[in-house]
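>>> Pasted the sequence and its predicted model underneath.
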Amino acid sequence: MIAKMEADERRFAARVSWECQARLLPLALEPQTPTLGIHHAIGHDISEGGVQVRSSRLFALKSNLLVEMQAPDHPEGIQVVGSVAWISPTCSENLWCLGIEFSDVGDNALNSIRALMRLPTTRLSKIEPDTR
């Protein structure tokens, strides 16, 4: 039983629910995606190792992305680099769940994520949309 549990649960960091506005910017031009640009997403949960977002844009597995997330007490946002680790359809035909594994997190971003994870859940779910 232990082997199955380890195979099913591959997360190595604690995760918290987090509704936020995020922007995804592909870092490389992929064959199936001939246009670069910022794509808006909604964060669903976050950990020190990655974030789950819902996006109307489908990215290929292992796509490298710059992820910019809004956070309370961080008006400049949190920027990290990650890659798409998994993809799952949602109940809506226009949205995809993407698991993004962080690969480059600076000290400031990591400290911001850690501080974010200590906030009460009620504050995390009431972030106003970005109007920039």
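Great, that's in hand. Everything numeric here is computed off the predicted structure, so don't read it as measured data.

>>> wait, residue 55 sits on residue 26?
No: in this structure, residue 55 is not within contact of residue 26 by CB atoms under 8 Å, at 11.7 Å. Glycine gets a C-beta too; all of them are placed from N, C-alpha and C.

>>> any shared contact partners between the two?
residue 39 (CB atoms under 8 Å, 6 or more residues apart in numbering).

>>> now the strands for the protein?
When assigned using DSSP state E, the strands of the chain occupy the ranges 15-26, 39-47, 50-55, 64-71, 74-89, 96-104.

>>> Comparing the ones you listed, which stretch has the densest surroundings?
Highest mean neighbour count of these: strand 50-55, a mean of 23 (counted as mean count of other CB atoms under 10 Å).

>>> Identify the residues contacting that strand?
13, 18, 22, 24, 39-46, 67, 69, 82, 85, 90, 95-102.

>>> Name the nearest residue to residue 17, sequence neighbours excluded.
Distances taken as CB to CB, 6 or more residues apart in numbering put residue 45 closest to residue 17, at 5.2 Å, once the chain neighbours are dropped.

>>> and what of residue 66?
residue 25 (4.3 Å).

>>> so how far is residue 77 from that neighbour?
Applying CB to CB, to the nearest Å, the value for residue 25 to residue 77 is 12 Å.

>>> intersection of neighbour lists for these two?
The contact sets of residue 25 and residue 77 overlap at residue 68 (CB under 8 Å, 6+ apart).

>>> which residues sit in contact with the spatially closest residue to residue 58 that is not a sequence neighbour?
The shortest distance from residue 58 to any non-neighbouring residue, by CB to CB, 6+ apart, is to residue 96 (5.0 Å). By CB under 8 Å, 6+ apart, the contact list for residue 96 reads 54-58, 87-90.
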